[in-house]
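**Student:** here is the input, now give the coordinates:
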Amino acid sequence: MAQLIYLADDDPSLLDVFGAFLESAGYEVGLFPTGDELMEAFAQHEADLVVLDVMMPGTDGLTVCRNLRAISDVPIVILTARDSEMDYLQGLAIGGDDYIAKPFSPAMLVMRVKALLRRVDMGKARSQSEVLAYGDVTLSEEAHEVRVGKRRLDLTMNEFALLRCLLAAGGQPVSRDVLLSDVWGITVEVETRVVDECVRRVRAKLRGMASCVGIKAVWGYGYRLVGGESEDAETA
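**Tutor:** Model prediction:
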């Protein structure tokens, strides 16, 4: 059965082109001129992935992203015509999984959609008995949850995957390139801010749970987990 993609954009010509390319790639596609109509459709039947333009009439794409994330962990790609760092970071901070600045080719959108869905499939194929632990943090693949001590830590799909990658390294440094590949499924050269922003969110959530585990930047390379002593948990 074909995977279902919902795409919202107020430009009819782009909507038709993007929809045609996604259908040619084998996906079932639902096209919407507003985010509000996409939300209505999602409430009736959830999609496997959502693509949202930022600037739309009615509810803007970032707000729709926030509303979707409150009810679902569906992968979300955010599109914008504004090459704005604020949009970029805000989209990631509210739970977007990928971000593409216009103009871009329809083939690029298909590539990013495939990469996101491939990561979802890889996550499902992992050993369901796998449990990773470091300090007071435990990650269970079977339950698809992370706990700090006995308390559940709520994470988005990307945050879960990033922490899993760091936990699997057992405190050894993990490069940004490896994180981009393992977490986002991206092997082409892209901005590493997507990694840094996701790390910032996971770091803040660990601190909010008073975890002894922290994430430390390894200058010019990537990140590693630290924990135990308070000074070790400080981040760069």
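**Student:** how far does stretch 24-33 sit from the chain's center?
**Tutor:** Distance of stretch 24-33 from the chain centroid (C-alpha atoms, centre = their mean, to the nearest Å) equals 20 Å.
**Student:** revised request: answer the last question for stretch 142-159.
**Tutor:** 15 Å.
**Student:** buried sites along it?
**Tutor:** 146-148, 153, 155-159 (16 or more other C-beta atoms under 10 Å). Glycine gets a C-beta too; all of them are placed from N, C-alpha and C.
**Student:** grab the nearest non-local neighbour of the residue nearest to the spatial centre of the chain.
**Tutor:** Nearest residue to the geometric centre of the chain (C-alpha atoms, centre = their mean): residue 97, 2.6 Å. Once flanking residues are discounted, residue 97 sits nearest to residue 75: 4.8 Å by C-beta to C-beta, 6 or more residues apart in numbering.
**Student:** and the gap between residue 226 and residue 205?
**Tutor:** 16 Å (C-beta to C-beta, to the nearest Å).
**Student:** same check on residue 110?
**Tutor:** Taking C-beta to C-beta, one finds residue 110 at 32 Å from residue 205.
**Student:** then residue 103?
**Tutor:** 35 Å.
**Student:** so the two - more neighbours on which side?
**Tutor:** residue 205 (18 against 8; other C-beta atoms under 10 Å).
**Student:** the residue nearest to that one when sequence neighbours are not counted bridge partners, please.
**Tutor:** In this structure, residue 205 finds its nearest non-sequential neighbour in residue 153, 6.1 Å apart by C-beta to C-beta, 6+ apart. Beta-bridge partners for residue 153, by DSSP bridges, are residue 146.
**Student:** my guess is residue 153 meets residue 140, correct?
**Tutor:** No: the pair residue 153 / residue 140 is not scored as a contact, 11.4 Å apart, by C-beta atoms under 8 Å.
**Student:** got any residues that touch both of the two?
**Tutor:** 146-147 (C-beta atoms under 8 Å, 6 or more residues apart in numbering).
**Student:** need the pLDDT of residue 195.
**Tutor:** On pLDDT, residue 195 comes in at 85.
**Student:** check residue 91 too.
**Tutor:** 64.
**Student:** next one: residue 129
**Tutor:** 57.
**Student:** and the protein, what are its domains?
**Tutor:** By the assignment in automatic domain parsing, the chain contains the domains 4-124, 127-227.
**Student:** for residue 37, helix, strand, or coil?
**Tutor:** Look at residue 37: counting by DSSP: H, G, I helix; E, B strand; the rest coil, its state is helix.
**Student:** spit out the contact partners of it.
**Tutor:** residue 8.
**Student:** what distance do you get for it to residue 174?
**Tutor:** Applying C-beta to C-beta to residue 37 and residue 174 gives a distance of 40 Å.
**Student:** residue 132 now?
**Tutor:** 13 Å.
**Student:** look at these two and report which has more neighbours.
**Tutor:** Neighbours were tallied for residue 132 and for residue 174 using other C-beta under 10 Å; the higher tally belongs to residue 174 (21 against 18).
**Student:** torsion angles phi and psi at the nearest residue to that one once chain neighbours are set aside?
**Tutor:** Of all residues not flanking residue 174 in the chain, residue 222 sits nearest, at 5.1 Å (C-beta to C-beta, 6+ apart). With angles defined as degrees, to the nearest 10, residue 222 sits at phi 180, psi -130.
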